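# coords please:
(one chain, ligands or ions: 1)
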Amino acid sequence: MNRYDGMSALVTGAASGIGRAMALRLADEGCAVLCADIDQEGTESTAAEVLEHGGKSAAVVLNVTDSDAVKDALERTVSEFGSIDVLMNNAGVGGGAGWDQTIAVNLSGVYYGLLHGCKMMAERGGGAIVNTASVAGLNGLIGSQGVTAPSDGPGAYTAAKHGVVGLTRQFAVTYGKQNVRVNALCPGYIFTPMTAGMRDREGGQQFLESLHPMGRLGEPEEIASAAAFLASTDASFVTGVALPIDGGYTAR
Ligand SMILES: NC(=O)c1ccc[n+]([C@@H]2O[C@H](COP(=O)([O-])OP(=O)(O)OC[C@H]3O[C@@H](n4cnc5c(N)ncnc54)[C@H](O)[C@@H]3O)[C@@H](O)[C@H]2O)c1
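Okay, here's the model as predicted:
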């Protein structure tokens with residue numbers, strides 16, 4: 001018996017990196033997954049990989065900055081697979097996207113998922129939402145010469161991710177009695193396309209490794225496994241937490 005047999009999930013940002021790993025992990029545990037992303041080719045590729053491995057999946061093009069489109073994707077999960085049990089609110093951009101875009105995607109995009117997702121899940125008897133925040137949702141980011149992001153980047157990214165942690169706590173409190181659990185993941189630096197620019201700069205990889213007491217970056221699958229725990233019945237009394245998955249980054 002798999003933890004997610006008979007359940008359905010919407011995963012945003014499913015075309016790449018952490019979201020792709022989340023979709024594959026949930027599907028591997030028996031969950032039907034609607035893969036959503038602004039990147040059509042990428043999200044279709046993730047859904048195709050799930051199908052190749054014998055799982056249930058479909059793909060949808062979604063821009064999470066569009067509130068109605070987020071609602072439609074949640075409804076599509078129900079029409080396609082019969083339920084909406086899990087939402088991985090994961091799509092995001094790096095702070096280099098600038099203030100307006102970073103807040104629109106990383107904060108408002110998560111808010112729309114919570115707004116529509118919690119309501120739908122509450123009406124259907126419950127569910128679980130996992131928001132991808134960051135260590136930047138708990139601490140300010142530090143840079144080093146040659147690794148510092150563009151000037152407004154760290155501020156926008158940190159503000160958005162702190163906001164995600166706040167939204168996580170608020171929606172967890174608001175929907176606790178309706179059996180909708182809401183939690184956040186706070187990854188350290190992970191090997192995904194988002195960090196490629198920083199890793200590829202001279203000394204960048206070593207600098208990023210030095211931020212983590214475990215001396216390395218994380219893999220997308222290490223975030224997906226924690227997400228699969230938080231959204232499962234194994235975490236049935238866990239709500240409102242912001243869980244660092246960061247090789248000790250925030251322990252210093
Ligand atoms: N990689 C890291 O080190 C790291 C650390 C902490 C948190 N995070 C967070 O993890 C999440 C996933 O990032 P990743 O590292 O996998 O990066 P990634 O770039 O590999 O994946 C992000 C995905 O989000 C999609 N996306 C961007 N804007 C979108 C929009 N408006 N609507 C829908 N989809 C959109 C992209 O197309 C892409 O597929 C993000 O929220 C990111 O902030 C990443």
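
# establish whether stretch 200-211 and the ligand are in contact.
No - contact of stretch 200-211 with the ligand (CB under 6 Å from any ligand atom) is absent, the minimum separation being 8.5 Å. Heads up, the C-betas are built off the backbone N, CA and C, glycines and all.

# what is the end-to-end distance of stretch 55-68?
Counting by CA to CA, to the nearest Å, you get 28 Å between the two ends of stretch 55-68.

# sorry, slip of the keys, the one I care about is stretch 232-250.
Terminal residues of stretch 232-250 lie 25 Å apart, using CA to CA.

# pLDDT on that stretch, on average?
Stretch 232-250 shows a mean pLDDT of 98 in the predicted model.

# for that stretch, buried residues please.
232, 235, 238-247, 249-250 (16 or more other CB atoms under 10 Å).

# all strands for the stretch 51-200 of the chain, in order.
57-61, 86-89, 127-132, 180-187 (DSSP state E, counting those that start in this stretch).

# looking at these, which one is packed in the most?
strand 86-89 (a mean of 30; mean count of other CB atoms under 10 Å).

# give me the contact list for the lengthiest helix in the chain.
Using DSSP state H, we find that the single longest helix of the chain is helix 153-175. Helix 153-175 is contacted from outside by 94-99, 102-103, 106-107, 110-111, 114, 118, 121-122, 129, 131-134, 136-138, 140-141, 143, 148-149, 180-184, 186, 239-242, using CB atoms under 8 Å, 6 or more residues apart in numbering.

# tell me which parts of the stretch 1-150 of the chain are close to the ligand?
12-13, 15-19, 37-39, 42, 62-65, 90-93, 105-106, 132, 134.

# out of these, which sit inside helices?
Using DSSP H, those in helices are 17-19, 42.

# what mean pLDDT does stretch 20-40 get?
Mean predicted confidence for stretch 20-40 is 98.

# how far does that stretch stretch from one end to the other?
Note: stretch 20-40 ends 13 Å apart using CA to CA.

# can you point out the buried residues in stretch 108-128?
Quick answer for stretch 108-128 (16+ other CB under 10 Å): 108-118, 120-122, 127-128.

# out of these, which comes closest to Ala32?
Of all the buried residues of stretch 108-128, Ala32 sits closest to Gly127, with 13.9 Å by CB to CB.

# residues touching that closest one, list them.
For Gly127, the contacting residues are 84-87, 117, 120-121, 179-181, by CB under 8 Å, 6+ apart.

# out of these, which is nearest to the ligand?
Within the contacts of Gly127, distances to the ligand taken as CB to the nearest ligand atom reach their minimum at Leu87, with 13.4 Å.

# and that closest one, what pLDDT?
For Leu87, the model assigns a pLDDT of 99.

# isn't it up against Gly113?
Yes - between Leu87 and Gly113 a contact is recorded at 5.7 Å, counting by CB atoms under 8 Å.

# return every residue with contacts to both of the two.
Common neighbours of Leu87 and Gly113 (CB under 8 Å, 6+ apart) are 12, 74, 129.

# would you format those residues as a markdown table with pLDDT included?
Formatted as a markdown table, those follow (pLDDT from 0 to 100):
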| residue | pLDDT |
| --- | --- |
| Thr12 | 99 |
| Leu74 | 99 |
| Ile129 | 99 |
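
# geometric centre of this structure: which residue is closest?
Asn90 (2.4 Å; CA atoms, centre = their mean).

# could you check the pLDDT of that residue?
98.

# Ser151 too?
At Ser151, pLDDT is 58.

# if we can go back for a sec, tabulate the buried residues of stretch 232-250 (CSV), appending secondary structure and distance to Val33.
Formatted as CSV, these follow (DSSP: H, G, I helix; E, B strand; the rest coil; distance: CB to CB, whole Å):
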residue, secondary structure, distance to Val33
Ser232, coil, 14
Ala235, helix, 19
Val238, coil, 22
Thr239, coil, 22
Gly240, coil, 25
Val241, coil, 23
Ala242, strand, 24
Leu243, strand, 21
Pro244, strand, 25
Ile245, strand, 21
Asp246, coil, 25
Gly247, coil, 27
Tyr249, helix, 29
Thr250, helix, 29
